[in-house]
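>>> Pasted the sequence and its predicted model underneath.
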Amino acid sequence: MTTRGKKYRLVAERVDRNKQYPLDEAVALLKEVSYTKFDGTVDLAINLGVDPRHADQNVRGTTPLPHGLGKTVRIIVFAKGDAAIQATAAGVEHVGGDDLASKITGGWLEFDQVVATPDMMGVVGKLGRVLGPRGLMPNPKLGTVTFEVTKAINELKAGRTEFRVDKAGIAHCPVGKAAFPADKLAANIRAVLEAVLRAKPSTAKGMYLKKISVSSTMSPGIKIDPAPFRG
């Protein structure tokens, strides 16, 4: 059993583990119990009524956040011709094809997002063993396999988060930083919940949005009342 530190135990006493807080109240409390000296990341966990063993219930998607993630996103782009020129003009430092793939194969991983044009997926596909486990493989459903590279780059830079249900039926995603004003964190969380609701599989039966909780780095989790978001 992990022994929690004194600071954690003190702030945990302020959180009622049996209560589902209204969103605004939960975010305000989160800011009070986020005690790290650095600006921790705020994460949202959403327990969904789906069976991830079925491909048609594997909920996954992205959504732009109205107030971003509070961090600089390092983007690389696999493209050639006009698309490569557009990517460079959009401020991406590393744009290429086989040369960029070789660099990654050699161990270079100093990036957070990968965008690729459809005609470059033959090159990117060879990097599946490297990019896949890290959740960096470009995907048309996530808007990262596209000829509209400028749009994709701008969305990623502005702050976009990705959610994907795990084997336990829980979707996790970052929604900002602990230093964000409470109203901005709440707006980001609402944006994610709306996107998750839009992604509801037609085959999902029963209650879809079961539980929601929010936490920051090293803070206790705080339950959010899901009822107002169920529609």
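Okay, I see it. Numbers count the residues shown, from 1 in each chain.
>>> What segments of the protein are strands?
41-48, 60-64, 75-78, 94-96, 113-116, 160-165, 170-177, 209-216, 222-224 (DSSP state E).
>>> The second one - contacts with which helices or strands?
If I follow you right, that is strand 60-64. Here strand 60-64 touches helix 149-159, strand 160-165, helix 182-198, going by 3 or more C-beta pairs under 8 Å, 6 or more residues apart in numbering; DSSP states H and E. All C-beta spots, glycine's among them, are computed from the backbone N, C-alpha and C.
>>> one more time with 10 Å
Counting contacts by 3 or more C-beta pairs under 10 Å, 6 or more residues apart in numbering; DSSP states H and E, strand 60-64 is packed against helix 149-159, strand 160-165, strand 170-177, helix 182-198.
>>> and those as a markdown table, adding distance to Pro118?
Output for the helices and strands packed on strand 60-64, formatted as a markdown table (distance: least, C-beta to C-beta, whole Å):
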| stretch | distance to Pro118 |
| --- | --- |
| helix 149-159 | 11 |
| strand 160-165 | 20 |
| strand 170-177 | 26 |
| helix 182-198 | 24 |
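>>> what about these, which gets the closest to Gly106?
helix 149-159 (24.2 Å; C-beta to C-beta).
>>> returning to that earlier point: generate a markdown table for the strands of the chain, with mean neighbour count and mean pLDDT as supplementary columns.
Shown next, in a markdown table, are these (neighbours: other C-beta atoms under 10 Å; pLDDT from 0 to 100):
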| stretch | mean neighbour count | mean pLDDT |
| --- | --- | --- |
| strand 41-48 | 21 | 96 |
| strand 60-64 | 18 | 88 |
| strand 75-78 | 26 | 97 |
| strand 94-96 | 20 | 97 |
| strand 113-116 | 26 | 96 |
| strand 160-165 | 20 | 90 |
| strand 170-177 | 21 | 94 |
| strand 209-216 | 20 | 95 |
| strand 222-224 | 23 | 96 |
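>>> As JSON lines, these with distance to Glu25 would be great.
Shown next, in JSON lines, are the strands of the chain (distance: least, C-beta to C-beta, whole Å):
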{"stretch": "strand 41-48", "distance to Glu25": "15"}
{"stretch": "strand 60-64", "distance to Glu25": "23"}
{"stretch": "strand 75-78", "distance to Glu25": "36"}
{"stretch": "strand 94-96", "distance to Glu25": "43"}
{"stretch": "strand 113-116", "distance to Glu25": "33"}
{"stretch": "strand 160-165", "distance to Glu25": "22"}
{"stretch": "strand 170-177", "distance to Glu25": "16"}
{"stretch": "strand 209-216", "distance to Glu25": "11"}
{"stretch": "strand 222-224", "distance to Glu25": "9"}
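>>> quick one, which of those is nearest to Asp16?
strand 222-224 (8.6 Å).
>>> Which strands or helices does that closest one pack on?
Looks like strand 222-224 contacts helix 23-33, strand 41-48, helix 182-198, strand 209-216 (3+ C-beta pairs under 10 Å, 6+ apart).
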